[in-house]
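Quick one: sequence plus predicted model below, questions after.
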Amino acid sequence: YALPGAYLVQLMAFYENLTPDPQYCALKKQQIAELPFKADFVADNACVNTPVIFTDYSVHTHLSEITQMLWNFGDGTFSNQTNPIHTYSTAGSYNVTLTISNNECSQAISKTVTVYPAPSLNLPDSLSVCQNNSFAIDLPNSFISAHYDFGNNDQSNALNASYQYNTTGDYSLNIAAIDSNTCTANHTLIAHVAESPQVTLIASAEAVCMGETITLEANTTAALNYLWSDGSTNNNLEVSQTGIYTLTVTDDLGCTARIISNQLVVHDLPVTQISPLENPIYLCPNKTVYLRADDEYNYDYSYSWEGSGNNVPLYPIAQAGVYTVTITNTQTTCSTTHTFNVVAANNPPAPFINMSAPTICMGQSATFTATHPTLSNFVWNNGNTSASINVQSAGAYTVSVTNAQGCKSSATRNLTVYALPNLGTFPVGCYTVCEGTNLAVDNVLGNTYQWYHDGDPIPNNNSADLILSEAGDYVLQVNNALGCNNITDTLSIEMINCDN
């Protein structure tokens, strides 16, 4: 039974009836069973040297009472208190028995109580730390919570605390931690806080131009080691790039101090488009060289030409010499300088042009051939770059050559093109005429004339007029005083006798 009390117990038995109807007979027996009490208690698992409270949960009926109670704590100790408190000095599992009685009967109940060993923080008795340097306390993994009292009114409930003392001295650091068995470990250690090194940075400049450096010098006390943000370990740093730089110094106690510089600026030099870039630059006779410091005027820059004072990016030079330009960024005052070395050079000998003919008639062509004793990089004024050109148009033809210094010489020849005789008034096509008709061709200015009939020359007729005596095809060839000739298209004549 789960609870004490008076319980009616009944037994029913059935057997076969020898004189049927009913077939079976029943036998019933009942009795009152009394349970005066029931023993029970509770107790939590505990830690070594931590009191365990045993609470009696025994019950009894109103007609009975518990007159005696005996606790056996399983470690050789006993108690007859109702709710005793017991402390175990050794970890382990203990079989605890509670026996209750009323001078007539008794009942016992046993339960196991586990006593966990006292946890350890495994921490030293003292700790040396540095002023303004963070330190951490890592507890074993078995702990689930902790409380820190740093001895200066600062506290923390972090499991693994990280802390820094800002004032030197000795501090009593108290730690109370609870493990997964809810057992508490307490530990006190003395934190010796040593003074950290003091450091300042001295910069030789806040801003410089590309190619220059800024010196960062560490001014510190008791520092043994230096570590800059670029990995260098000297007590000063040469800065050649824009940025913010960090220094960490460490003294002989291992105390560190960290300082960050201001923004240090390394300005770029002016970006220019220098031309020409050749060295030397050759100046040909009667020519001008344009020295260029930039493609166009930049209003953020100033241009200073040595010996000039012209604030312009383009400087014309007609005399050999050494010329220097300084370009300055007026915002940063950073400048760059470029020197041009201009050397006088001579023109090469002029080329020579051979002409197949100085004059031609319209429709003909002439060949111009250039020669030179040392050069062959011919360039004609019509864009042709071969030694010989064939031309048909009248005009001046110039060829030039360029030596290694870029100086040019040229030669020019003229070509005259004569017009052909004008035969625009000559009739062409098919005509029917009377026998003996005089064919006169007007406005033909010729020196000699030659008529052809059916492809054969007509003799003894040096005139622009012709007496037509027979049918056929006629053409006229005319030569002018300049030696140019022209020939007409075909005139087809059908002859008729006009006397009839």
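Cool, got the structure. Numbers count the residues shown, from 1 in each chain.

So Q450 is in contact with L476, correct?
Yes: between Q450 and L476 there is a contact at 7.4 Å, judged by CB atoms under 8 Å. C-beta: built from backbone N, CA, C; applies to glycine.

sec struct for N219, please.
Per DSSP: H, G, I helix; E, B strand; the rest coil, the secondary structure class of N219 is strand.

V199 versus that one, what's the distance?
Remark: distance between N219 and V199 (CB to CB, to the nearest Å) = 7 Å.

Please identify which of these two sits among more neighbours.
V199 (19 against 12; other CB atoms under 10 Å).

so what pLDDT did the residue lying closest to the more buried one once chain neighbours are set aside get?
Closest residue in space to V199, ignoring its immediate chain neighbours: T220 at 3.9 Å, by CB to CB, 6 or more residues apart in numbering. Predicted confidence (pLDDT) for T220: 86.

Can you name the residues that contact T220?
By CB atoms under 8 Å, 6 or more residues apart in numbering, the contact set of T220 is 197-200, 235, 249, 257.

And for Q198?
220-221, 257.

From those residues, pick the one nearest P285.
T220 (69.0 Å; CB to CB).

what touches both of Q450 and L476?
With CB under 8 Å, 6+ apart, Q450 and L476 have no common neighbours.

Have a look at these two and say which one is more surrounded.
Applying other CB under 10 Å to Q450 and L476 shows that L476 carries more neighbours, namely 25 against 17.

what stretches of the stretch 301-450 of the chain score poorly on pLDDT?
Counting by pLDDT under 70, the stretch 301-450 of the chain has low-confidence residues at 307, 309.

the strands in it, which residues?
Taking DSSP state E, counting those that start in this stretch as the test, the strands found in the stretch 301-450 of the chain are 301-305, 314-317, 321-329, 335-344, 352-355, 359-361, 366-371, 379-380, 388-391, 395-402, 408-418, 429-434, 437-440, 448-453.

Quick one: those as a markdown table, columns for distance to D499 too.
Formatted as a markdown table, the strands of the stretch 301-450 of the chain follow (distance: least, CB to CB, whole Å):
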| stretch | distance to D499 |
| --- | --- |
| strand 301-305 | 100 |
| strand 314-317 | 90 |
| strand 321-329 | 98 |
| strand 335-344 | 92 |
| strand 352-355 | 59 |
| strand 359-361 | 45 |
| strand 366-371 | 55 |
| strand 379-380 | 66 |
| strand 388-391 | 57 |
| strand 395-402 | 58 |
| strand 408-418 | 46 |
| strand 429-434 | 8 |
| strand 437-440 | 13 |
| strand 448-453 | 22 |
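
closest to T182 out of those strands?
Closest to T182 of the strands of the stretch 301-450 of the chain, according to CB to CB: strand 321-329, at 72.7 Å.

On the three-state scheme, N298 is what?
coil.

From N311, how far out is it?
Distance of N298 to N311, given as CB to CB: 11 Å.

Give the partner strands of the helix or strand hosting T112 in its sheet and their orientations.
Per DSSP states H and E: T112 is located in strand 106-116. Note on strand 106-116: by DSSP bridges, its sheet partners are strand 46-47 (parallel), strand 92-101 (antiparallel).

A293 and T324 touch, don't they?
No: A293 lies out of contact with T324 (CB under 8 Å); the separation is 10.5 Å.

Residues that sit against both of those two, list them.
Counting by CB under 8 Å, 6+ apart, the residues touching both A293 and T324 are H338.
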